[in-house]
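# Generate coordinates for the sequence data below:
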Amino acid sequence: MMRCLLICLCLLLGSPALADIQASVDRTRLVEGETLELTLESGATNRFSSPELGVLEEHFVMQGTRQLSLVSQLNGRSQPITRWVITLMPKRTGYVVIPPIALDEARSEPISLHVLSAEEAARDNNVQMAPVFIDTEMDTETPYVQAQVLMTVRIYHSVSLYDDSNLTGLDIPDTRVESLGAPRQYERVINGVRHGVIEVRYALFPQRSGDLEIPSQLFSATILQPRDASSPFSARTGRLVQVRSPSIRLEVRPIPETYPADAPWIPAKSLTLTQTWQPDPATELVSGESLTRSLSLEADGLSASQLPALGSLDGVPMEGLRQYADQPKLENVIDENGVRGVRQDSAALLVQKAGEFQLPAQTVYWWDTQVDALRQIELEATALNAISSDSFPAGVTPTEAPEASDLVAADMPLLWPWQLATALLSLALAGCLLMLYRMRQRLERLGQPETDEEIFDTVVQGNPLADLQTACRANHPAEARKALESWARQQDPEGLIGVIQRYPELTDALDDLNASLFGQSESHWRGKPLWRAVRMVVQSQKRQAPDESTTLESLYPHV
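Numbering: from 1, shown residues only. Take a look at the predicted model:
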């Protein structure tokens, strides 16, 4: 009887324990940017109930939640258990408390965490660094409005990463963001462990004063998992890991009250102002001449568009001297140290009359962000001296006027030697070309018959040469071949073979005729080339034949 009472008492005491909600974490000490898993378990029978997780949003970012249904054996009885696994990332460093979480009437116990910054973790030898973590560094947390803020994001990894790593972009309201080149990669040893470092740098230019929050950036990559030691043939797999940089809050200061109200706001680390002249302003000018002045302003920590325009006569009208400004040249030089802007303003100064002109000094006010003080840079005033174009040099009087012949000689342009040589060479070249053209025409007349008329006196029926001419004019290859063979037998006992050997100029025309007859040429045969070649042979024979009328008989009879 006593034993039954004890069992009932244990069951009554054990039931509320199962109905409570139990909270646990996989670790209580971590580095900023890392995540942890919060596990909640409850033996409540209502499977539709869910814990109130809204209390975690104040200090944590919930990156994922999953729910599991399990069965637990207690004192021989099966008890259903519901488990929630929540992935959390702390929003700040230091000591952070996971508050009690309510499930129906039950509440979990609070859990205290210690979140270390990257610097604290690097100095603490007892901290076990995560395989991948991220750190953000700002060169100042209290910048001036429109001044440059250098932001450095470093991703540390002690494991191998695939090439699919990605860092989300940086979009900040009321802030201009400039990327300072491609990411740098190097190595660093932390707590005796070699880490690869991916460093990304930005230049931020806040456009309004007040609190400015730099949002966190998410880094995603696939890490290479080690092989299973128990299975030597197992393949290496990858696991996706995501870490998020901590958000940072900046206090942007307005323009200081001590800064001149009428001067443009120039917050920079350094500033230089230079000028160049063309020609030298110290030389004496003549009225109607102009000279060019270039003012160059270079600022470290500002873009070129933030630099003011500079002019020699801006706001200072000067009689007899006018300014014609050119388009400014803007250039931004970007490196790992930030942005360096260069602005160059050039203007032509036209002297309209004789006299002395005093260009005002150039003064530029700017705020040195490194020492937090007002500074100014100044170019001294420049004097210009111009004389009248009607004045004469010393020793010459107006009565000494030049003679009319001298004026005519002065007005006539000089004939330079190179111009004369060029004209003579051009004439010689034209003469040579004309002679070559005439020589070519003579050679063509010697090599070709003068007309296309018949070269024989009478056209006799059955004459092979006449038949050949008719066939060539009608473009009939078969008849032309037949007439050509008849004519060739009259010229040489061996026929065409002998004629070709004696007169090679017939070779090309005969090849074209044979190609047309035996189907080796797709184009229509034309008889003009063949007739021209035969005609040249006949004329050659006539020139070689001795003139019988001028031949004298021998005075002595043949014995």
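# average pLDDT across the longest helix along the chain?
When the chain is scanned for its longest helix (criterion: DSSP state H), the result is helix 417-447. Mean pLDDT, helix 417-447: 82.
# now swap in stretch 269-289 and tell me
85.
# For that stretch, buried residues please.
For stretch 269-289, a neighbour-count test (16 or more other CB atoms under 10 Å) marks 269, 271, 273, 275, 281, 285, 287 as buried. Any C-beta I mention is one placed from the backbone N, CA and C, and that applies to glycine too.
# among those, which are in strands?
Under the assignment DSSP state E, the buried residues of stretch 269-289 contribute 271, 273, 275, 285 to strands.
# Would you format the residues you listed as JSON lines with distance to residue 191 included?
Below are these laid out as JSON lines (distance: CB to CB, whole Å):
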{"residue": "271", "distance to residue 191": "43"}
{"residue": "273", "distance to residue 191": "50"}
{"residue": "275", "distance to residue 191": "56"}
{"residue": "285", "distance to residue 191": "73"}
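# next helix or strand past the longest helix of the chain?
Later in the chain than helix 417-447, the nearest helix or strand by DSSP states H and E is helix 464-474.
# What helices and strands are in contact with the helix or strand that that following helix is followed by?
Later in the chain than helix 464-474, the nearest helix or strand by DSSP H and E is helix 477-491. For helix 477-491, the helices and strands in contact under the criterion 3 or more CB pairs under 8 Å, 6 or more residues apart in numbering; DSSP states H and E are helix 464-474, helix 496-502, helix 507-517, helix 528-544.
# winner for burial among those helices?
Each of these was scored by mean neighbour count; the highest is helix 464-474, a mean of 19, by mean count of other CB atoms under 10 Å.
# now the angle between helix 507-517 and it, please.
Taking axes from the mean of the first three to the mean of the last three CA atoms, to 10 degrees, one finds helix 464-474 and helix 507-517 inclined to each other by 60 degrees.
# Report the angle between helix 464-474 and helix 528-544.
Using the same axes, to 10 degrees, helix 464-474 lies at 150 degrees relative to helix 528-544.
# ok now helix 464-474, how far from the chain's centre?
For helix 464-474, the distance from its own C-alpha centre to the chain's C-alpha centre is 73 Å (CA atoms, centre = their mean, to the nearest Å).
# and it, what other elements does it pack with?
Helix 464-474 sits against helix 477-491, helix 528-544, with contacts defined as 3+ CB pairs under 8 Å, 6+ apart.
# Dihedrals phi and psi, residue 138?
For residue 138, the backbone dihedrals are phi -120, psi 140 (criterion: degrees, to the nearest 10).
# which one of the helices and strands packed on helix 477-491 lies closest to residue 63?
helix 507-517 (85.5 Å; CB to CB).
# these two touch, right, residue 95 and residue 114?
Yes - under the contact definition of CB atoms under 8 Å, residue 95 touches residue 114, with a separation of 5.7 Å.
# the more surrounded of these two?
The residue with more neighbours, out of residue 95 and residue 114, is residue 114; 15 against 9, by other CB atoms under 10 Å.
# Verify the contact between that one and residue 29 for me.
Yes - the pair residue 114 / residue 29 is scored as a contact, 4.9 Å apart, by CB under 8 Å.
# Pass me the low-pLDDT residue ranges in the stretch 301-450 of the chain, would you?
Filtered on pLDDT under 70, the stretch 301-450 of the chain yields the residue ranges 314-316, 389-416, 445-450.
# Please enumerate the helices of it.
404-411, 417-447 (DSSP state H, counting those that start in this stretch).
# closest to residue 301 out of the helices and strands packed on helix 464-474?
Across these, the minimum distance to residue 301, taken as CB to CB, is reached by helix 528-544, at 84.7 Å.
# chain center to that closest one: distance?
70 Å.
# From the contact counts, what lies against it?
Counting contacts by 3+ CB pairs under 8 Å, 6+ apart, helix 528-544 packs against helix 464-474, helix 477-491, helix 507-517.
# all strands of the stretch 301-450 of the chain, in order?
Listed in chain order, the strands of the stretch 301-450 of the chain (DSSP state E, counting those that start in this stretch) span 321-325, 329-335, 338-351, 355-359, 362-368, 373-379, 382-387.
# Closest to residue 367 out of the ones in strands among the buried residues of stretch 269-289?
Top of the list for closeness to residue 367, among these and by CB to CB, is residue 271 at 9.5 Å.
# That closest one: what's it in contact with?
Applying CB atoms under 8 Å, 6 or more residues apart in numbering, one finds that residue 271 lies in contact with 297, 298, 299, 300, 364, 366, 375, 377.
# pLDDT below threshold where in the stretch 151-300 of the chain?
Going by pLDDT under 70, which is the cut-off in play, the stretch 151-300 of the chain has low-confidence ranges at 225-237.
# before we move on, the earlier item: output the strands of the stretch 301-450 of the chain as JSON lines; include the columns distance to residue 180.
Converted to JSON lines, the strands of the stretch 301-450 of the chain look like this (distance: least, CB to CB, whole Å):
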{"stretch": "strand 321-325", "distance to residue 180": "33"}
{"stretch": "strand 329-335", "distance to residue 180": "6"}
{"stretch": "strand 338-351", "distance to residue 180": "7"}
{"stretch": "strand 355-359", "distance to residue 180": "39"}
{"stretch": "strand 362-368", "distance to residue 180": "22"}
{"stretch": "strand 373-379", "distance to residue 180": "25"}
{"stretch": "strand 382-387", "distance to residue 180": "38"}
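# returning to what we had before: looking at the helices and strands packed on helix 477-491, spot the one closest to residue 485.
Within the helices and strands packed on helix 477-491, the stretch nearest residue 485 is helix 496-502; the backing value is 6.1 Å (CB to CB).
# How far off centre is that closest one?
The chain centroid and the centroid of helix 496-502 are separated by 72 Å under CA atoms, centre = their mean.
# circling back to that earlier point, which strands and helices sit next to the longest helix of the chain?
Helices and strands touching helix 417-447, as assessed by 3+ CB pairs under 8 Å, 6+ apart, are absent.
# Next, the angle helix 528-544 makes with it.
Counting by the same axes, to 10 degrees, helix 417-447 points 80 degrees away from the direction of helix 528-544.
# For helix 417-447, what is the distance to the chain centroid?
Relative to its chain's centre, helix 417-447 lies at 54 Å (CA atoms, centre = their mean).
# Sort out which residues of it are buried, please.
Along helix 417-447, no position meets the burial threshold by neighbour count (16+ other CB under 10 Å).
# just to revisit the earlier point, can you redo the helices of the stretch 301-450 of the chain as JSON lines with distance to residue 382?
Formatted as JSON lines, the entries for these read as follows, by distance: least, CB to CB, whole Å:
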{"stretch": "helix 404-411", "distance to residue 382": "37"}
{"stretch": "helix 417-447", "distance to residue 382": "42"}
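# For residue 152, find the nearest of the ones you listed.
In this view, those are compared for proximity to residue 152 by CB to CB, and helix 417-447 is the closest at 65.0 Å.
# Report the contact partners of residue 337.
Shown here is residue 337, whose contacts under the criterion CB under 8 Å, 6+ apart are residue 150.
# got a pLDDT number for residue 43?
Turning to residue 43, the model gives it a pLDDT of 75.
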